[in-house]
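**Student:** The following block contains a protein sequence and its predicted model.
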Amino acid sequence: MKKFKILLGASAIAVAGFFMVAADHIDAPAVAGGTSDITDFYAFQGQNEDNIAFVANVQGLISPGASGTAAFDENVLVEINIDTDGDAIEDMVIQAIPRNGKMYVFGPFASNSTSLNSTVNDAATRTVVDITPYGDAAITATSADGVMAFAGTRDDPFFFDFARFTQILTPGDDDGDGMEEAGFLPAGSGEGFASDTFAGTNVMSIVVEVPKSMIGGTGNINTWVETKSK
């Protein structure tokens, strides 16, 4: 049995039938820019309202030129933790790990440990999907119990004006106009509008959609993602 040790956990988010997101691009010094670096975590009600979709993105800031060779790391386990009773302790877990060009998704299954170390639960129900090559149409797979999965390179969906964020955090007049910066800029294009720092970059994305009946039934959950390495 291969043991995996925690490297990074993204902020927990609550889902109550609507869209939520947590983002953390290159902010963790120990893993920044590495294959275990979490960039975003999304959870939202699926197009089928009886389902919840989870999206875990890693390896941010991949340039289009490098996207053809970017790959998931077979030594990195992605774990999606799901708290169904509001006590901030995982009740259900979904694991995802790449093996030989495929993404293996295990669960959701009942958590039996809150340890920082994990073992891949090969005995759990699995969904196996081919990893979609860069530039190809999305390849998906659905298990007999209704779990759907995707894995591959995708455009970074998170919009963030990092330069403006830095200006706001830095006291004083940063642009020489005699005024302190007073907040984020509106969406749009050109001078005076926000600029998307992550535009044109890609991430390695894992998407898992599961029936609500498999994670408590209501969809009212707390959830967070971790990456763990051997």
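**Tutor:** Arrived safely.
**Student:** Can you point out the buried residues in the longest helix belonging to the chain?
**Tutor:** Taking DSSP state H as the criterion, the chain has its longest helix at helix 162-169. Across helix 162-169, burial judged by 16 or more other CB atoms under 10 Å covers 164, 167. Every residue, glycine included, has its C-beta placed from N, CA and C.
**Student:** shouldn't Asp156 be in contact with Phe198?
**Tutor:** Yes: using CB atoms under 8 Å, Asp156 is in contact with Phe198, at 4.4 Å.
**Student:** which phi and psi does Asp37 have?
**Tutor:** When read as degrees, to the nearest 10, the backbone of Asp37 gives phi -80, psi 110.
**Student:** which secondary structure element contains the spatially most central residue of the chain?
**Tutor:** Taking CA atoms, centre = their mean, the centroid of the chain lies closest to Ala56, which sits 2.0 Å from it. Taking DSSP states H and E as the criterion, Ala56 maps to strand 51-62.
**Student:** in this structure, which segments are predicted with low confidence?
**Tutor:** 1-33, 160, 171-182, 196-197 (pLDDT under 70).
**Student:** Could you chop it up by domain?
**Tutor:** The record assigns the chain these domain ranges, following automatic domain parsing: 3-160+199-229, 161-195.
**Student:** Straight-line length of the shortest one, end to end?
**Tutor:** Read that as domain 161-195. Taking CA to CA, to the nearest Å, domain 161-195 runs 5 Å from one end to the other.
**Student:** Stretch 146-162 now?
**Tutor:** 39 Å.
**Student:** what distance separates it from the centre of its chain?
**Tutor:** Taking the mean of its C-alpha atoms, stretch 146-162 sits 7 Å from the chain's own mean (CA atoms, centre = their mean, to the nearest Å).
**Student:** what comes up buried for that stretch?
**Tutor:** 147-154, 156, 158, 160-161.
**Student:** Just put those residues in JSON lines and tack on secondary structure.
**Tutor:** JSON lines is the format used below for these (DSSP: H, G, I helix; E, B strand; the rest coil):
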{"residue": "Val147", "secondary structure": "coil"}
{"residue": "Met148", "secondary structure": "strand"}
{"residue": "Ala149", "secondary structure": "strand"}
{"residue": "Phe150", "secondary structure": "strand"}
{"residue": "Ala151", "secondary structure": "strand"}
{"residue": "Gly152", "secondary structure": "strand"}
{"residue": "Thr153", "secondary structure": "strand"}
{"residue": "Arg154", "secondary structure": "strand"}
{"residue": "Asp156", "secondary structure": "coil"}
{"residue": "Phe158", "secondary structure": "coil"}
{"residue": "Phe160", "secondary structure": "coil"}
{"residue": "Asp161", "secondary structure": "coil"}
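**Student:** Reformat these as a markdown table; add distance to Thr132.
**Tutor:** Shown next, in a markdown table, are those (distance: CB to CB, whole Å):
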| residue | distance to Thr132 |
| --- | --- |
| Val147 | 17 |
| Met148 | 14 |
| Ala149 | 11 |
| Phe150 | 7 |
| Ala151 | 7 |
| Gly152 | 3 |
| Thr153 | 7 |
| Arg154 | 9 |
| Asp156 | 16 |
| Phe158 | 20 |
| Phe160 | 25 |
| Asp161 | 29 |
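**Student:** May I ask which two of the residues you listed are separated the most?
**Tutor:** Val147 and Asp161 (36.2 Å; CB to CB).
**Student:** hmm, back to that, can you say which of the domains of the chain is packed in most?
**Tutor:** domain 3-160+199-229 (a mean of 18; mean count of other CB atoms under 10 Å).
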